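Trainee: Got a predicted model here, sequence first, then my questions.
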Amino acid sequence: MTDPIDIKTKKIIPSKGSQFQKSLVLESLEENILSHWDTWGKFQQEWASRAYKSFKDFDKYLVLIYLIKNNWQTLGDKFQYLSMDEFYDSDTVTIDKINLIQISNDLNIPKETIRRKVNELQNADILKRQGKTIVFNRKGIDTQKPDDMIEILSSFIDKKSKMLRGHEWFGEDLPKDNIKRFIKKYFTIIWLRFFRMQIPFIIRHRDAFGDLETWVVWGNIALSHQYHLAKAAEKNLLTSPVTFKNYYTTVTGVNILRGINASSIADISQIPRATVIRKLKWLVDQNCIKKNKNLEYQMKKGGNLNKKVSDNFLLNQQAVAEFLCDFFDLMKNSAFKL
C-alpha cells in the first residue's frame, strides 16, 4: 500500500512506520488456521444471510455493490472520501461511464443476466439508467447500508488484531470500539478496500459452484464440519498439522458423526427450504457432500468441486491478509486519526 493520502487536502502524508507485510500476516493466519477459519466462515455466513435478505437474489445484490464500489473508487481517484454519515446523507449517488459489458466482464456474469438484473433494480426504484450513467436514489443508497455488517466486520478485525498482538512487528491490539469508529469515519476508504476483497471472493465461489445459493448451502455444511474439526484438534485426534495447502484434505478426512440438516441450513441462510434441498441434491451428485442416517449433510472427501474450492482457498486467504494489512496500516501507521 502506498503512503496514505489526506484526500481532503490532496497531500501525501508520510506514514509513521513501516508497512505491515502480507507474508507475515498470512503466516500468522496459517498458524491459527482453525480459529481463523471459524471466524472467517462465520463472518461470511453473516454476510451472505444479510445479502440474500435484501433481494432474495445474490446476483442482483452483487451488481448493486459492484456499482457502489465504482462510486467509491471514483471518490478515491479524486482524492476524496466520505464518512458513513456523509455518504448515507446523500440524496443520489452517480456512477459515470459504466456499461453492461464492463459489469459482465468484471463479475464474470453473462451480459444478458446483467441487463436483466439492472432492469429489475430499475423497476424496483433502486436505480435509474441514463445512457452510460447510473443514478441511485435514496432507496437504492439505503438498500445496501451495512449497519449490521460494520459491527460484524469490526468484530472480525478485532479478533485478528488480538491474534497478531503477540508479534513484535504488530504492536498493541486495537480496541473493537475504535475499529468501529475508524470504519465509520473513513467509511468509503475502508469499505472500498473491503469490497476489493469481498467481490472477487464472491466471484470465485460463484464460478466454482455455478451460483451463490449453492455456495451458501455448501458453506453452512463446511462451517458445521469445521466446528467438529476444531473439536477433534482439541482432543489431539489430528495426525498432522493443518495448513492452507492441506486444509480441505484434512477437514474432509475427519470422521464425524453429526452434520447439519436442510431445515437448519434454510433457517440460517434464509434461502427457501425447497431451494436448499435442490442445491443439496446437486452437491451430493458432485460427490462433495454426503447425507448420513440422521438426514444430516456432511463434507465428503474427493470430488472435482472440492478440488476447485481447495485451489481457491489460498487465494482467498491471501486476499484476507492483504485487506488486514491495508486496514492496520491505515489505522496504526497513517495520519488518518479518530
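Mentor: Received it, and whenever you're ready, just let me know what you need. Numbering: from 1, shown residues only.
Trainee: State whether Leu64 is indeed within a helix.
Mentor: Yes. According to DSSP: H, G, I helix; E, B strand; the rest coil, Leu64 belongs to a helix.
Trainee: all strands of this structure, in order?
Mentor: Ranges of strands within the chain are 5-6, 11-12, 93-95, 127-130, 133-136, 289-291, 297-299, based on DSSP state E.
Trainee: Packing partners of the last one?
Mentor: If I follow you right, that is strand 297-299. helix 212-234, strand 289-291 (3 or more CB pairs under 8 Å, 6 or more residues apart in numbering; DSSP states H and E). C-beta coordinates here come from the backbone N, C-alpha and C atoms, glycine included.
Trainee: Now do the helices in the stretch 151-300 of the chain.
Mentor: For the stretch 151-300 of the chain, the helices defined by DSSP state H, counting those that start in this stretch cover 176-185, 187-209, 212-234, 247-253, 262-269, 273-285.
Trainee: Would you format those as JSON lines with mean pLDDT, distance to Ser28 and mean neighbour count included?
Mentor: Putting the helices of the stretch 151-300 of the chain into JSON lines (pLDDT from 0 to 100; distance: least, CB to CB, whole Å; neighbours: other CB atoms under 10 Å) gives the following:
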{"stretch": "helix 176-185", "mean pLDDT": "98", "distance to Ser28": "18", "mean neighbour count": "17"}
{"stretch": "helix 187-209", "mean pLDDT": "96", "distance to Ser28": "17", "mean neighbour count": "20"}
{"stretch": "helix 212-234", "mean pLDDT": "85", "distance to Ser28": "17", "mean neighbour count": "21"}
{"stretch": "helix 247-253", "mean pLDDT": "78", "distance to Ser28": "16", "mean neighbour count": "19"}
{"stretch": "helix 262-269", "mean pLDDT": "96", "distance to Ser28": "29", "mean neighbour count": "18"}
{"stretch": "helix 273-285", "mean pLDDT": "97", "distance to Ser28": "32", "mean neighbour count": "16"}
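Trainee: Those helices into a markdown table, with extra columns for distance to Gly41?
Mentor: Shown next, in a markdown table, are these (distance: least, CB to CB, whole Å):
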| stretch | distance to Gly41 |
| --- | --- |
| helix 176-185 | 20 |
| helix 187-209 | 12 |
| helix 212-234 | 4 |
| helix 247-253 | 11 |
| helix 262-269 | 12 |
| helix 273-285 | 17 |
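Trainee: can you give me the helices in the stretch 1-150 of the chain?
Mentor: Secondary structure of the stretch 1-150 of the chain (DSSP H, counting those that start in this stretch): helices at 22-31, 33-55, 58-77, 84-88, 100-107, 111-123, 138-143, 147-164.
Trainee: before we move on, the earlier item: please name whichever of the helices of the stretch 151-300 of the chain is nearest to Tyr66.
Mentor: Closest to Tyr66 of the helices of the stretch 151-300 of the chain is helix 187-209 (CB to CB; 6.2 Å).
Trainee: Now do that closest one: distance to the chain's middle.
Mentor: 6 Å (CA atoms, centre = their mean, to the nearest Å).
Trainee: and that helix with helix 147-164, angle?
Mentor: Here the directions of helix 187-209 and helix 147-164 differ by 90 degrees (axes from the mean of the first three to the mean of the last three CA atoms, to 10 degrees).
Trainee: What angle do helix 33-55 and helix 187-209 make with each other?
Mentor: Per the same axes, to 10 degrees, the angle that helix 187-209 makes with helix 33-55 is 100 degrees.
Trainee: Student question: in the protein, what's the helix or strand with minimum average pLDDT?
Mentor: The helix or strand of the chain with the poorest confidence is strand 11-12; it has a mean of 38 (mean pLDDT, DSSP states H and E).
Trainee: Where does pLDDT dip in the stretch 51-200 of the chain?
Mentor: Counting by pLDDT under 70, the stretch 51-200 of the chain shows no low-confidence range.
Trainee: Buried residues of the longest helix seen in the chain, list them for me.
Mentor: Counting by DSSP state H, the longest helix found in the chain is helix 304-328. Across helix 304-328, burial judged by 16 or more other CB atoms under 10 Å covers 305-306, 308-310, 312-313, 316-328.
Trainee: swap in stretch 89-99?
Mentor: 93, 95, 98.
Trainee: for that stretch, the distance to its chain's centre please.
Mentor: Going by CA atoms, centre = their mean, where stretch 89-99 is centred and where its chain is centred differ by 23 Å.
Trainee: And for stretch 326-338?
Mentor: Distance, centroid of stretch 326-338 to centroid of chain: 21 Å (CA atoms, centre = their mean).
Trainee: for the closest residue to Ser269 other than its chain neighbours, what are its contacts?
Mentor: Once flanking residues are discounted, Ser269 sits nearest to Val216: 5.0 Å by CB to CB, 6 or more residues apart in numbering. Residues in contact with Val216 (CB atoms under 8 Å, 6 or more residues apart in numbering) are 48, 52, 58, 269, 271.
Trainee: And those, which is closest to Met149?
Mentor: Ala48 (11.0 Å).
Trainee: ok, for the most centrally placed residue in the chain, nearest residue in space, not its chain neighbours?
Mentor: Most central in the chain under CA atoms, centre = their mean is Gln198, positioned 3.7 Å from the mean C-alpha point. Counting by CB to CB, 6+ apart, Gln198 lies nearest to Trp47, which is 7.3 Å off, once chain neighbours are set aside.
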